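Enquirer: make a model of this:
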Amino acid sequence: MKILFLCTGNSCRSQMAEGFARHHGRGVVTAASAGIEAHGLNPTAVDVMGEIGIDISQHKSKTVDEAMIAAADLIITVCDHAQERCPVIPGHVRRLHWSFEDPARVMGTEDQVRAVFRRVRDEIGAKIKSVVEQEEMRQRV
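Expert: Residues are numbered from 1 along each chain as shown. As a prediction, the model looks like this:
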């Protein structure tokens with residue numbers, strides 16, 4: 001199954017989701033991410049993913065295009081803005097929406113900001129693990 005994760009800027013939430021899907025979904029899913037816009041890779045997202053052994057440092061921030069959408073089996077929007085602005089999706093592509101807080105917008109001390117990044121990371125990781133497990137079960141049938 002090919003999953004495309006969409007977010008506003010493809011800088012943290014969709015990048016973390018792609019990293020988790022690649023890590024947990026080896027042999028089960030292929031993953032990509034993109035944004036309505038490309039804002040560059042968020043360094044704190046890279047750091048907190050590295051804390052759990054998932055390296056997303058080589059990911060690139062990309063803008064979604066028609067070819068990415070057409071190649072996907074499943075599109076998951078990970079923020080409300082992307083959900084609202086998502087391009088038209090062909091009928092063969094399933095779509096899910098997960099609303100995660102944007103950790104890049106959190107104000108506070110470095111520790112407070114990192115705590116939000118970690119919480120969002122863990123929420124995304126749990127959702128991805130569930131999708132991968134469901135796909136593994138589907139492929140066994």
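
Enquirer: what ranges does the protein have for its strands?
Expert: Taking DSSP state E to define them, one finds strands in the chain at 2-7, 30-35, 74-77, 94-97.

Enquirer: can you redo the ones you listed as a markdown table with distance to residue 125 and mean pLDDT?
Expert: Every residue, glycine included, has its C-beta placed from N, CA and C. Below are the strands of the chain laid out as a markdown table (distance: least, C-beta to C-beta, whole Å; pLDDT from 0 to 100):
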| stretch | distance to residue 125 | mean pLDDT |
| --- | --- | --- |
| strand 2-7 | 13 | 95 |
| strand 30-35 | 13 | 95 |
| strand 74-77 | 14 | 93 |
| strand 94-97 | 16 | 90 |
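
Enquirer: out of those strands, deepest packed?
Expert: strand 2-7 (a mean of 26; mean count of other C-beta atoms under 10 Å).

Enquirer: in a markdown table, list the strands of the chain along with distance to residue 123.
Expert: Listed next are the strands of the chain as a markdown table, based on distance: least, C-beta to C-beta, whole Å:
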| stretch | distance to residue 123 |
| --- | --- |
| strand 2-7 | 14 |
| strand 30-35 | 16 |
| strand 74-77 | 13 |
| strand 94-97 | 14 |
